[in-house]
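> Coordinates for the following, if possible.
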Amino acid sequence: MILDELNVKAVEVAQLADKYVNYELKPNFKAIGAKFRDLVPLIKKALSGAIPNAGPDGLNAFRAQLAMRVDNKLRLENGQEVSLSSEEVEVALKAKEGYAAASGRGVVVVLDTHLTTELLEEGIARELVNRINGWRGDLKLAYEQRIRVALKGSVKLEDVAIKFSEYVARETLSTELKVGALPADYQTLEIEIDGEKAVLGLAM
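Purely as a prediction, here's the structure:
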């Protein structure tokens, strides 16, 4: 269900998120503002230099540690020590390059955003399907209407159309997909996808 709904290739369960994210500690300004006042900037700086313990529940490890050690001390730049509770410290995460991440209660979800040639081509194929189906809508074709499609354009678009011909045909209810030629009796539509231009042809 996740694969279908999010349009992702694979879902993996990782024991540790440290490979994909860095943890950051920040003060809960609402909680410490009135309590520490002028020390808030120093607390913020001290926390930014601290790294929470990573583990199976890495995101909440530092918070749990604070909860268990109520006398936990944070040394400030001026030599002063302050005691912070788990409610006074926020654990945030920052995705490493090539990833996007979000966190919830005890869980981190990471999205690999690296784009391969295959993924880029698949994206073009999906957009091609969208353009054809959008054209079907403009022509007010019946949902079950079968069509014939042709495409003539840049080398890149033609290569993608050939490579994903079965997918394009299936998703657009096309009984035929010609690439590199436009039959004279086809209606035509000029398109551009990622800077690549082509002319679509459509016939019933």
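
> switch to C-alpha atoms for all contacts and neighbour counts from now on
Will do.

> Number of residues surrounding G98?
Here the number of neighbours of G98 (other Cα atoms under 10 Å) works out to 11.

> pLDDT at the nearest residue to V11 once chain neighbours are set aside, what is it?
Across the structure, with Cα to Cα, 6 or more residues apart in numbering as the measure, the residue nearest V11 apart from its sequence neighbours is L3 (7.2 Å). Predicted confidence (pLDDT) for L3: 86.

> Contacts made by whichever strand or helix holds L3 with the rest, please.
Taking DSSP states H and E as the definition, one finds L3 inside helix 2-6. Counting by Cα atoms under 8 Å, 6 or more residues apart in numbering, the neighbours of helix 2-6 from elsewhere in the structure are 8-11.

> chain center to it: distance?
Its chain's C-alpha centre lies 12 Å from the corresponding centre of helix 2-6 when counted by Cα atoms, centre = their mean, to the nearest Å.

> Spell out which residues make up each domain of the chain.
In terms of domains, the chain is parsed into 2-112, 117-203 (source: automatic domain parsing).

> re the thing from before, how many neighbours does the residue nearest to V11 have?
Here the number of neighbours of L3 (other Cα under 10 Å) works out to 10.

> do the same with the one 4 residues further on
Using other Cα under 10 Å, N7 is surrounded by 9 other residues.

> and it, how far is that from A31?
40 Å (Cα to Cα, to the nearest Å).

> How about A184?
In this structure, A184 and A31 are separated by 73 Å, where distance is defined by Cα to Cα.

> between those two, who's got more neighbours?
Higher neighbour count among A184 and A31: A31, with 13 against 8, using other Cα under 10 Å.

> mind listing the helices for this structure?
For the chain, the helices defined by DSSP state H occupy 2-6, 29-36, 40-48, 58-68, 117-138, 155-163, 165-172.
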